[in-house]
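Peer 1: Structure of the sequence below:
(2 chains)
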Amino acid sequence: MSVSQALLGILARGPAHGYDLKQEHDERFPGSKTLAFGQVYSTLSRLQRDGFVEVAEVASGSGPEKTVYAITDDGRRHLADWLNQTEPAGPYPADELVRKTVTALYVGADAADFLSRQRSAHFARMRELVADQTEQHEPAARIALDHAIAHLDADLTWLETAAARVSTAGEVK
Amino acid sequence: MMTTLLATTAIEKSFARTQALRGVSLDIADGETVAITGPSGAGKSTLMHCLAGIVRPEAGAVTYDGRRLDDMGEDARTRLRRREFGLVLQFGQLVPELTAEQNVALPLLLERHSRSEARNAARTWLDRLGVGEVADAVPGELSGGEAQRVAVARALVTGPRVIFTDEPTGSLDTVAGEQVLDVLFGAAGERSATVVLVTHDNRVAAHADREVVLVDGKAETDPVVAA
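Peer 2: I've put the predicted structure just below:
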């Protein structure tokens, strides 16, 4: 699970509290699911247990207490190791889109309609990402967008191919 | 409410035994950017050629700025294309014997601008597109990305109201393709020019405000105009 390492990567630039970590994560990784606060705090507590982060400060003002976290030396070593390793090229879990389309075909539901609506949704997202990309000149942000766009493009190609196959072959009997 | 600049009404066009367009109706607003997409052979390029007054449909009407384009004589259409339209095709289609600068200056010379004026405008556009250094090279000496940027410069040099482009990034890698699109859409946006873009590439199509999907010669257009 690379959320831990992604958070360590943010903390490597300086101490931060949970809210900032979530915001920064979501900004850095536009193609990923946004982090839930619960996930941020459970990840931080695991990282703290493993000695990769420590509490730098507990700020108490008029609002709720804010715990500020900092990366430890062990945390920096762990991050460096992770950055040094390549990731397996697969296999990946079956995608939700594949599961839904294949199931629709098996049960005789309107797969063509689903594929067409799904393509519109994917294309709308592609338009958003391309607009973000045009605004963005920072290499790190652009690289993250490239990845999201390339995967979205692969999904769009798959959706179009699936729609073409469904229209030529009809439903699976 | 935006005004319609370009429109087709139930246009049909066949080639030999293939019917490329089977009654396509489409309105394009002034300043809008539209991507025409769809599978190979769906009639995308034919639709663009009808809109640009390059091809006449057999049935239906094409209007530009309130004028019937399909009824216009050849001379009038040629003048209109030179003055108001800019065209960028997949492989640049530069004149091989002319330098990059001469290629870009050509549309202005055809419109009887002075040599120095045409030359200065060509230099300015080549510089803006980041290919000023290759102004004296002939197309055979240019990389794919350079040639395509020169072609974009040539299309933009006359300050066209509509830019037509067919697979403008077709032969380019992702980064070079993006640069061409950034410049194309950036220049169009600055002057509120209309863009009609033919592509099979979703990444390219996503640059446009609206997508029109052609399937078997019919427009299955998503009528929603992006905000």
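
Peer 1: where does the chain dip in pLDDT?
Peer 2: In the absence of a named chain, this looks at chain A. A:1, A:90, A:170-173 (pLDDT under 70).

Peer 1: my bad, the chain I had in mind was chain B
Peer 2: Chain B contains residues with pLDDT under 70 at B:1, B:92, B:221-227.

Peer 1: And the strands in chain B?
Peer 2: Secondary structure of chain B (DSSP state E): strands located at B:4-15, B:18-29, B:33-37, B:59-64, B:67-68, B:85-88, B:162-166, B:194-198, B:210-215, B:218-219.

Peer 1: Can I get these in JSON lines including mean neighbour count and distance to chain A?
Peer 2: Bear in mind the C-beta positions are built from the backbone N, C-alpha and C, glycine included. Converted to JSON lines, the strands of chain B look like this (neighbours: other Cβ atoms under 10 Å in any protein chain shown; distance: least, Cβ to the nearest Cβ, whole Å):
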{"stretch": "strand B:4-15", "mean neighbour count": "18", "distance to chain A": "21"}
{"stretch": "strand B:18-29", "mean neighbour count": "19", "distance to chain A": "17"}
{"stretch": "strand B:33-37", "mean neighbour count": "24", "distance to chain A": "9"}
{"stretch": "strand B:59-64", "mean neighbour count": "18", "distance to chain A": "26"}
{"stretch": "strand B:67-68", "mean neighbour count": "10", "distance to chain A": "32"}
{"stretch": "strand B:85-88", "mean neighbour count": "24", "distance to chain A": "18"}
{"stretch": "strand B:162-166", "mean neighbour count": "24", "distance to chain A": "16"}
{"stretch": "strand B:194-198", "mean neighbour count": "25", "distance to chain A": "13"}
{"stretch": "strand B:210-215", "mean neighbour count": "22", "distance to chain A": "7"}
{"stretch": "strand B:218-219", "mean neighbour count": "19", "distance to chain A": "14"}
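
Peer 1: Now render these as a markdown table, adding distance to A:Asp26.
Peer 2: Formatted as a markdown table, the strands of chain B follow (distance: least, Cβ to Cβ, whole Å):
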| stretch | distance to A:Asp26 |
| --- | --- |
| strand B:4-15 | 40 |
| strand B:18-29 | 35 |
| strand B:33-37 | 29 |
| strand B:59-64 | 45 |
| strand B:67-68 | 50 |
| strand B:85-88 | 37 |
| strand B:162-166 | 35 |
| strand B:194-198 | 31 |
| strand B:210-215 | 27 |
| strand B:218-219 | 38 |
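
Peer 1: Any buried residues in the helix or strand where A:Thr161 lies, and which?
Peer 2: Element membership of A:Thr161, judged by DSSP states H and E, is helix A:139-169. Neighbour-count burial for helix A:139-169 flags A:141-142, A:144-146, A:148-149, A:152-153, A:155-156, A:158-160, A:162-163, A:166 (criterion: 16 or more other Cβ atoms under 10 Å in any protein chain shown).

Peer 1: near chain B, which residues of chain A show up?
Peer 2: Contact residues, chain A versus chain B (Cβ under 8 Å from any Cβ of the partner chain): A:120, A:123, A:126-127, A:129-130, A:133-134, A:146, A:149, A:153, A:156-157, A:160, A:164.

Peer 1: So which of these is the closest to A:Val107?
Peer 2: Nearest to A:Val107 out of the residues of chain A next to chain B is A:Ala164 (Cβ to Cβ; 21.0 Å).
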